[in-house]
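Student: fold the following for me, if possible:
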Amino acid sequence: MNMFTNILKALENITPTRNFNLLYIILDSIFICLLLGLLIYQKKYITLIWAIFGGVLYFLVDYGYFYWISGSRVVTVNGVSSEANTALVLLWMSLSYGITNFIFIWLCLKKDKNLKEYLFLIIIWWLVIPSVASLGGESNIQTFRTTGAYHGYMAIILLVGYIGLAIYNIVSKKKMIKILYLNLIGISVQFCWEFALLINGIRPLNENSIMTLIINSIIETNLGMPYIYLIFVLVYSHFNEDLTKTDHFVNPWEKEKLN
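Tutor: Numbering: from 1, shown residues only. Predicted coordinates:
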């Protein structure tokens, strides 16, 4: 009981914080445009639409819920908070991580032929860009949010989704969904950029840093994986990547059940 209470207290104390400068935003925006340009060049139109949807969804959640409804999101520039700066910073941040996260997830689900190249571009960017951006001066932009008010609800969404997939595997007579692999994708995408933020000093190192890294990686992106998987199956059951109609879809994330 004491251990459970300690975990709850630790969750309440998690306050994800980021510190960066304007050059970081500019360079990252250029990189996002480059990624989207590559998707257009390769006619990966479904992935492109999904990535943009991810950015918009993150903005609705971050600005709409975290900032307006719950009041848990705070953005300051030179220590001062304003409506305009908050909206612009959250728009960039949402598009940045929404687009990269959703490209990361979608190409993994597809087992895309260029998966390694895209993951290399995204991960190396997350790791290196803070060092380049440091040439732009001090990190005078700060964002943070409290998480104790909603991590419990996020955990419920995660459990419902994965329990649903597990029940499907139990009752299905022919096919099984590779649930552990879905977990691996959901955890790894968040872990990669959380780790990059931490080691580059964008997210400050303190007594809650490791707990923030672990809990956010397990819950925050991973909670959507069961639902993203269902969308993935639905979309590719009707369309090819270039938006032409498909005649046959082979799901790479199902396997034959052994009797």
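Student: CA only for contacts and neighbour counts going forward, please
Tutor: Noted.
Student: which residues in the stretch 101-250 of the chain form strands?
Tutor: Ranges of strands in the stretch 101-250 of the chain, per DSSP state E, counting those that start in this stretch, are 141-145, 175-177.
Student: so which of those is nearest Ile32?
Tutor: strand 141-145 (19.9 Å; CA to CA).
Student: got the contact list for Ile40?
Tutor: Leu48 (CA atoms under 8 Å, 6 or more residues apart in numbering).
Student: which helix or strand contains it?
Tutor: helix 22-41 (DSSP states H and E).
Student: run a quick neighbour tally on Leu121.
Tutor: Residues lying near Leu121 (other CA atoms under 10 Å) number 13.
Student: ok, it to Ser96 distance?
Tutor: 14 Å (CA to CA, to the nearest Å).
Student: one step back: which positions in the helix holding Ile40 come out as buried?
Tutor: 22-25, 28-29, 31-32, 35-36, 39 (16 or more other CA atoms under 10 Å).
Student: of those, which is the nearest to Tyr45?
Tutor: Leu39 (6.8 Å).
Student: what sits closest to the closest one if chain neighbours are left out?
Tutor: Excluding its sequence neighbours, the residue lying closest to Leu39 (CA to CA, 6 or more residues apart in numbering) is Leu48, at 6.0 Å.
Student: possible to save the buried residues of helix 22-41 as JSON lines with pLDDT and distance to Leu205?
Tutor: Below are these laid out as JSON lines (pLDDT from 0 to 100; distance: CA to CA, whole Å):
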{"residue": "Leu22", "pLDDT": "96", "distance to Leu205": "22"}
{"residue": "Leu23", "pLDDT": "96", "distance to Leu205": "22"}
{"residue": "Tyr24", "pLDDT": "96", "distance to Leu205": "19"}
{"residue": "Ile25", "pLDDT": "96", "distance to Leu205": "22"}
{"residue": "Asp28", "pLDDT": "97", "distance to Leu205": "23"}
{"residue": "Ser29", "pLDDT": "97", "distance to Leu205": "26"}
{"residue": "Phe31", "pLDDT": "98", "distance to Leu205": "26"}
{"residue": "Ile32", "pLDDT": "98", "distance to Leu205": "27"}
{"residue": "Leu35", "pLDDT": "97", "distance to Leu205": "30"}
{"residue": "Leu36", "pLDDT": "98", "distance to Leu205": "32"}
{"residue": "Leu39", "pLDDT": "98", "distance to Leu205": "35"}
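Student: of those residues, closest to Thr246?
Tutor: Checking those one by one against Thr246 (CA to CA), the nearest turns out to be Leu39, at 19.5 Å.
Student: in terms of secondary structure, what does the helix or strand where Tyr97 lies contact?
Tutor: Assigned by DSSP H and E, Tyr97 belongs to helix 83-110. Helices and strands touching helix 83-110, by 3 or more CA pairs under 8 Å, 6 or more residues apart in numbering; DSSP states H and E, are helix 22-41, helix 45-59, strand 73-77, helix 115-133, helix 179-199, helix 225-236.
Student: of the ones you listed, which is nearest Met154?
Tutor: Using CA to CA, the helices and strands packed on helix 83-110 put helix 225-236 closest to Met154, at 12.4 Å.
Student: compute the inter-axis angle for the closest one and helix 83-110.
Tutor: Orientation of helix 225-236 against helix 83-110 (axes from the mean of the first three to the mean of the last three CA atoms, to 10 degrees) gives an angle of 70 degrees.
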